[in-house]
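Participant: Here is my input, please return the structure:
(chains A, B, C and D)
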There are 2 protein chains.
Amino acid sequence: MDGVPIDEIDRIILHLLQEDARRNTNAEISRQVSVSASTVGKRIARLEKEGILKGYRPEIDYERAGFPLQVLFVCTAPIAAREALATETLGVEGVLNVRELMTGEKNVHIQAVGASNEDITRIAHKLDEIGYSVADEILLRNEYSQPSVQFRPTTDGK
Amino acid sequence: MDGVPIDEIDRIILHLLQEDARRNTNAEISRQVSVSASTVGKRIARLEKEGILKGYRPEIDYERAGFPLQVLFVCTAPIAAREALATETLGVEGVLNVRELMTGEKNVHIQAVGASNEDITRIAHKLDEIGYSVADEILLRNEYSQPSVQFRPTTDGK
DNA sequence: GCTGAAAGCCCAAGGTT
DNA sequence: AACCTTGGGCTTTCAGC
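Facilitator: Numbering: from 1, shown residues only, chains lettered A, B, ... in the order given. Take a look at the predicted model:
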């Protein structure tokens, strides 16, 4: 499954995809790395097959897109049901992201967006219905994501 | 800046980009919506210019990519410095994501990955150095993201 | 495992309605 | 605004190394 850890070339490919996964074409990447475009394509296919690359998503400014309310629900879920719940949670309209924490009583963080308070209330009810206990409901002020994590493991990648 | 709110066609474009921002080309999108490929391209350019589309990122399984440790740092930052800090935080190697909360004393959540405990310790020190008070450090068990949020605002998109 | 070439497909620009 | 055309560029596949 993950016999080959990923080498220097893979790391550069991942890095360039992180910068712009839509515009950085195989051909463009091949120019910044000393392999051909078809090799870049094959390596990306391999990274996808191994589950390292799981998809390509646009980053959206939800506020400007008509969803001004961003909320973080801090929840408690029975440990046993946690994984099953997480999947179901993504089915709730407005939910963007679910994080399961290893420790602590409040062990699940759910990020959601809505166009109005009505939406947020509906989501909260839904979460309760699914089986969460919603401990806290915090408005998000801003979110920043890393455009480009450095791909240089301390184990120097051998 | 955001005079035109975004119509039904824009919403379908965003939806298809959310499913696969790399493979769903303008031409492919034009087939699923009754406009030409060049119109799709121009609408995407407009959405980018208005800041609704902010980038295209690969979703990476960091664990398989050699970063088995995922941590959530729950921090407190002086309200005034919060925004400036957030930007600086993204510069710390290993940091993936920063969320600013509107309320509560622990007002910033920072998500980071590392190859070893050493990395995590280094990040924690760095956050402290930058000016955060790190209140909690929780191992993340799993994270799920929404592949595709339904783009239908309750205001029915006029 | 990588390369290179060819066929088919895609994109961006400019002109038209 | 949206459309069409078109030249240049891209992706994919496959033979060959």
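
Participant: Can you tell me the closest non-neighbouring residue to A:Val95?
Facilitator: Of all residues not flanking A:Val95 in the chain, A:Ala112 sits nearest, at 4.8 Å (CB to CB, 6 or more residues apart in numbering or on different chains). (C-beta placed from N, C-alpha, C; glycine too.)

Participant: got a list of what the one you found touches?
Facilitator: A:Gln70, A:Val71, A:Phe73, A:Val92, A:Gly94, A:Val95, A:Leu96, A:Ile120, A:Ile123 (CB atoms under 8 Å, 6 or more residues apart in numbering or on different chains).

Participant: out of these, which one sits closest to A:Glu19?
Facilitator: A:Leu96 (22.2 Å; CB to CB).

Participant: Now the closest one: which helix or strand?
Facilitator: strand A:95-101 (DSSP states H and E).

Participant: rewinding a little: which helix or strand contains the residue nearest to A:Val95?
Facilitator: Using DSSP H and E, A:Ala112 maps to strand A:108-114.

Participant: Next up, the contacts around the residue lying closest to A:Thr103 once chain neighbours are set aside.
Facilitator: Closest residue in space to A:Thr103, ignoring its immediate chain neighbours: B:Ile138 at 5.9 Å, by CB to CB, 6+ apart. Listed by CB under 8 Å, 6+ apart, the contact partners of B:Ile138 are A:Leu101, A:Met102, A:Thr103, A:Gly104, B:Val71, B:Leu72, B:Val74.

Participant: What's opposite the spatially most central residue of chain A in the beta bridge?
Facilitator: In chain A, the residue lying closest to the centroid (CA atoms, centre = their mean) is A:Asn97, at 7.1 Å. Note on A:Asn97: beta-bridge partners A:Gln111, B:Ser145, judged by DSSP bridges.

Participant: Test for you: state the pLDDT assigned to it.
Facilitator: Note on A:Asn97: pLDDT of 96.

Participant: Quick one: residues contacting it.
Facilitator: Neighbour list for A:Asn97: A:Ile110, A:Gln111, B:Glu143, B:Tyr144, B:Ser145, B:Gln146 [criterion: CB under 8 Å, 6+ apart].
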